[in-house]
Structure formats: structure tokens, C-alpha cells
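Enquirer: Got a predicted structure here, sequence first:
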Amino acid sequence: MREQREAAILRQQFHIGNRKNYILSLVGKLLVVVMSISSSLIFTFVVESLEYQSIQKFLYGLAMVGVYIVANMACGLFRRKYQNTYLRKALTQFKNYVFSKILRQPISSYASGDTAKFISAFSNDLNSIEQNYLVGELNLFVEILNYVVTAAVLLILNVPLGITLVVSSLIAILVSFRFGGKVVKNEAETMEKASDFVAQTKDLLSGFTVIKSFQAENQIMSVFQEKNVELESTKQKRRASNDTVSLAGNIASILVSVIFLSVGFLLAFNGQISVGKIIGFYELSGNMLSPIRSLGVLVANRHAADALIQRIERDIEDTHTTQSRKATLSTAPTSITLRDLSFGYGNGRPVLHAINHTFEAGKRYALVGGSGSGKSTLLKLLVGFLPGYTGQIQYDGTELRQLDLDQLLEHVSMIQQEVFCFNSSIANNITMFRDFPQEELSHAIQRAGLSALCAAKGTDYLCGEGGCHLSGGERQRVSIARCLIRKSPIILVDEAEAALDNETASAVLQTILGLDSTMRIVVSHRLDAPILRQYDEILVLHNGSIEECGTFEDLLNRKGYFYSLYQISQ
């Protein structure tokens, strides 16, 4: 029930503030029907004038053709204007709404990296929704209106022919609907395969450097071809089902034409109607034959598109709003306390267990340990990236589960190993497209060590896709500037120096450690004595637990696990 209600809200995005354009689009389609029927009636009039050899009637017919051409042009311009405006606004609002829902998703929903369903919603799914739902709805309106109005006109002009055409065409339409269910099923399957194909292509392109480095082009090509064949085979089935419905409609329309002409000529032989009228009425009957050929496909495709809308709604359902996180922090947190914190990724083996510690405002903390000891996992837990932990994570005594995570992230910033930069200016990447006073931007650039870069290239310099126009150190400094301009009182750093050379890594870490009045928790794999001496406390993780903690000198003097790690690294 809730899913249907949410899907209905999603459909409403097409019409919010857009009903005038929608109604006028329907009016435009109505004018198309009027013009179509008018052309058939004018054709009948002209044919009859030739049959009766009436020059006056023929001239009237030519005059009507002239009027028709002008009226048809005016109606076409009217329809084009409002239909295009309706589609533009409907699709714009729909995409804005979907993307706003995606942005409201909790960070944990992206932990798996499964973003292909969202990309598909803006590519394959959206194209189908535009053609089969929005345009399809207007075309469906035209075909039904065409059928109803034409049937009424024929019944008025000639009852026997009208009844013959209505009865035979209704049977034919029902036959074409018989095949529609398979179209819906095949369309849904195609969209699913298309989403998988997008996911795989995105994954393969993301690993392009790995593919080239290991010369795995042939193997990866085989993987790509397999998914490609799956998708195209599914699309072939969809096209086949569409063709089946169309073929059934075409055969049915031919049979209806044969029945119509047979009854018409029988009436002509009996002198009940002129041959000119039969030819003219046959032209008019085309408005009823068209729905026979197309209604089945239009209805089936619209059902399939509606199923896509429901699927998009399921994919973007805002699970964040269902959580009872209402508490907020009125001031910047002064402490983070961990009590018996444990966490596992679902494979049965805990990554962290029984972690107890308190981090205090303004201090510098290092998390060190071997690979897989849980350092990065601990940072992700601190900002709510990973749900499902046991124990407690308290910000000034308030448990993380009870906090509004969006509000918490106003106080906490995270610098990750791989810094993402948008293909926009350095300034936009620092401000994240927000408005900040120029002096604050300049101050953040200066403190983050970006002054030389900005002096050489300017703050309007484009960073490139994923920041490809910047070096690793420059991207890290951009991420530091992001934290600085937000004035984040808590900064979490996840191996920011891992992919950097020693000199750049030391400079980046020195910048982070030099940020006064900020709680800094830094995950580091470099055991560099000059840097480690600057931390107020070093937490040494081993097998998911805190093995030791203390200052650099304290840990060396104990000659415990940290001492062993340090000696190996030298």
C-alpha cells in the first residue's frame, strides 16, 4: 500500500504546475483527431463531386482543402508548442524529484557501490518512461478519441456500415490486447538486464588501468560480450513480443477492412449508398483501423513503463526517514566515546570487537596497525557510514543511533584515501558549490597549501573528471580545504597519504596536524617518527581490538606490539 502511494507521488511530478500544458496537449491531440476526420470527410465530398460530375461541388471541395491546410498548420503549431512544453517540464520535475530522493539516501546505502540502478533510472528507464508513459499516454488518448469520434460519425452517416465497423473492430482490438501481457513482462526483463549491463560497464571502465596493467583485455572482452549478448537477446524477445502484438493488430485491421468493404459494396449493389461514399467512408474508417493496430502495443508499453516508475520508487525509497534519529547537537561535540563497540561485515567474523576509548576536542589521534586490523572501519562507524554495530558510539553522551546524521555531518568531515573531485573549478570543489565569502575561500586555500596551485592556474581551473587534472597531493589538499571552509571541529582522515610520495605525504599530514582547535583522528600506515611524535595519542589496533595506546615515546618504551611494527617499518 505504501509503495503504491509513493509511486503515485512520483507520477504526480509530471503534473505539478504543469496541468495547463497537459490539458492543452490533450486539446492539441483533439485537434489532430478533428483534422484527421475532417480530411476524410473532405475527401468523401471531393470523390462524390467527381462521381456526380458536379463542378460547383468540386470547387467547394477545393476551397475546403485550402481552409483545411491552413487550419491543419495552425493546429500542428498549437500541438507542438504545448506538448513539447509539457514533456520538458514533466521530465525535468521527474528527474529533479528522483535525484533529490537519491541525495536523501543514507550514506550506508552506497556502501556496496551499487549505483547502477540510479544511473539506469536516468538513462534506459527514463527513455522508456518518456516514450511509453508520457508520449504513449497522449497517443493513447488520440487513438481512443479517434475511434470513438469516427464511430459516432459513421453511425450518423450510415447506420449499417457504422455498426459493421464498430462490432468487427472491437473484436479485433480485444484480440490484439490478448498478446499485451507478454510485452509488459519482456519490457520489465529488458530494463533489468539493461541495469545489469550499465553496472558491469561502469565497473569495467572503473578498472581500466588494472585491465591494461595486467593485459587482461581479451578476458574482459569476453566478460563484456557475455552481458552484451544477454541484454540484446532480451531486447530481441521484447521486440518480438511487440511485433507479435503489431502483427495481430495488422491482420485484424485487414480483416475489418475486408468486412467493411464487403458490406459497403453489398449496400451499393442494392442502391442504398453511392460508390463515392463507400470510398470516402473507407478513408474515414482508417481512423478506426489505426487503434486496432496500435492500441494493444500502446497499452502494454504503458503498463511496462508504469512498472518502471514503481521500480524506480522502490530503488529510491528514502529509508533514512524511517529511522528514529531526532536528536541534534546544539554545539560542536567536545568528545566521542566508544563503549564495547563491535562490528562485522556479515561474514560472521567480527572486524572490531570490544573497543573502548574517548576522543577529546582539539587533540590529535593516530590509528595504526596492520592491514585488516579495523582502522578504516572504525572511522566509517564514527560517521554512521556503517549501520549494524553493537555497543555504543556517543557524541557528548548522545548515542549515534539517536542522532540526526545530516546534522552530525555539519560538525564532522572525513578525508578519504581516494579524494573525489567534480569536473568543475577548484573553487567549486572546495566550496562544494555553496556560496562562501571570498576571504573565507582564500583563507582555506592558504591553510590547505593550495596557494601556489591557485596562483599558477587560478581558482576557476577545471579539475577534470574525478580530479584527473590534479595530482594526488593536490586532490588531498582540496579535501583539506573543504574541511577548513566548513570549519569542521572534527576531521577524520583515512590513510590520506597512502597513494602519495613521502615528501607530499609528510606535507599533507603536517597541514592536517597543524589545524588548531580541531579534533583530528588519522588512520596512517606510515610510521614516521617526526609525524608520530606530534600526536597526543596513538591507538594501536590488532585483530580488531586496541592492543596499546599512548604517546610515541610511551609506546616505544613499552617495547610491545607497536614497537615491533615500528622496527619492521624502518
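Expert: Good, I have the coordinates. Numbers count the residues shown, from 1 in each chain.

Enquirer: Would you map the strands across this structure?
Expert: Defined through DSSP state E, the strands belonging to the chain, from first to last, are 335-344, 350-360, 364-369, 390-395, 398-399, 412-415, 490-494, 519-523, 537-542, 545-550.

Enquirer: which other helices and strands contact the longest one?
Expert: For strand 350-360, the packing partners by 3 or more CB pairs under 8 Å, 6 or more residues apart in numbering; DSSP states H and E come out as strand 335-344, helix 375-382, strand 519-523, strand 545-550. Every residue, glycine included, has its C-beta placed from N, CA and C.

Enquirer: Pull up the pairing partners for the shortest one, direction included.
Expert: The pairing partners recorded for strand 519-523 under DSSP bridges are strand 364-369 (parallel), strand 490-494 (parallel).

Enquirer: Just put the ones you listed in TSV and tack on distance to N557.
Expert: Listed next are the strands paired with strand 519-523 as TSV, based on distance: least, CB to CB, whole Å:
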stretch	distance to N557
strand 364-369	16
strand 490-494	26
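
Enquirer: Dump those to a markdown table, plus distance to T201 and mean pLDDT.
Expert: Formatted as a markdown table, the strands paired with strand 519-523 follow (distance: least, CB to CB, whole Å; pLDDT from 0 to 100):
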| stretch | distance to T201 | mean pLDDT |
| --- | --- | --- |
| strand 364-369 | 36 | 93 |
| strand 490-494 | 28 | 90 |
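
Enquirer: Which among those strands is found nearest to A199?
Expert: Taking CB to CB, strand 490-494 is the member of those nearest to A199, at 25.4 Å.

Enquirer: contacting residues around that closest one?
Expert: Residues external to strand 490-494 that are found in contact with it (CB atoms under 8 Å, 6 or more residues apart in numbering): 332-333, 336, 361, 375-376, 379, 382-383, 411-417, 483, 512, 515, 518-524.

Enquirer: cutoff 6 Å now
Expert: Contacting residues not belonging to strand 490-494 are listed as 376, 379, 411-417, 483, 512, 518-523 [CB atoms under 6 Å, 6 or more residues apart in numbering].

Enquirer: quick one on the thing from earlier: how about CSV for the strands of the chain, with distance to I531 and mean neighbour count added?
Expert: Rendered in CSV, the data for the strands of the chain read as follows (distance: least, CB to CB, whole Å; neighbours: other CB atoms under 10 Å):
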stretch, distance to I531, mean neighbour count
strand 335-344, 22, 17
strand 350-360, 19, 17
strand 364-369, 8, 24
strand 390-395, 27, 18
strand 398-399, 33, 14
strand 412-415, 15, 23
strand 490-494, 12, 24
strand 519-523, 9, 25
strand 537-542, 11, 22
strand 545-550, 16, 18
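
Enquirer: pLDDT (mean, whole number) over stretch 419-435?
Expert: Average pLDDT, stretch 419-435: 89.

Enquirer: What is the distance between that stretch and the centre of its chain?
Expert: Average the C-alpha atoms of stretch 419-435, do the same for its chain, and the two points are 21 Å apart (CA atoms, centre = their mean, to the nearest Å).

Enquirer: end-to-end on it?
Expert: Distances were taken as CA to CA, to the nearest Å; on that basis the terminal residues of stretch 419-435 are 21 Å apart.

Enquirer: swap in stretch 362-376?
Expert: 21 Å.

Enquirer: From S335, how far out is the closest residue to L10 other than its chain neighbours?
Expert: Among residues not flanking L10 along the chain, E313 sits closest, at 5.0 Å (CB to CB, 6 or more residues apart in numbering). From E313 across to S335, the span is 41 Å (CB to CB, to the nearest Å).

Enquirer: residue contacts, H469?
Expert: Applying CB under 6 Å, 6+ apart to H469 gives the contacts C463.

Enquirer: again, only this time at 8 Å
Expert: The contact partners of H469, taken as CB under 8 Å, 6+ apart, are 461-463.

Enquirer: Tell me the most packed of the residues you listed, by neighbour count.
Expert: Among the contacts of H469, the one with the most neighbours (other CB atoms under 10 Å) is C463, at 21 neighbours.

Enquirer: Quick check: that one touching V478?
Expert: Yes. In terms of CB atoms under 8 Å, C463 counts as a neighbour of V478; the distance is 7.5 Å.

Enquirer: residues shared between the contacts of these two?
Expert: Common neighbours of C463 and V478 (criterion: CB under 8 Å, 6+ apart): 421, 426, 429, 470.

Enquirer: Kindly reformat those as TSV containing distance to S49.
Expert: Putting the shared contacts of C463 and V478 into TSV (distance: CB to CB, whole Å) gives the following:
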residue	distance to S49
C421	74
I426	76
N429	74
L470	78
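
Enquirer: Those residues in helices, which ones?
Expert: Using DSSP state H, the members of these that fall within helices are 426, 429.

Enquirer: Could you list the residues in contact with stretch 372-388?
Expert: The contact list for stretch 372-388, computed with CB under 8 Å, 6+ apart, reads 106-108, 111, 336, 341, 343, 346, 351-352, 355, 367-369, 389, 393, 400, 403, 405, 408-409, 412, 414, 492, 494-495, 521, 523, 541-544.

Enquirer: Okay, now the unreliable bits of the stretch 151-300 of the chain?
Expert: Confidence mapping of the stretch 151-300 of the chain against pLDDT under 70 gives the ranges 175-184, 213, 249, 274-276, 280.

Enquirer: again with the stretch 1-150 of the chain
Expert: By pLDDT under 70, the weakly predicted segments of the stretch 1-150 of the chain are 1-3, 48, 50-52, 106-117, 120.
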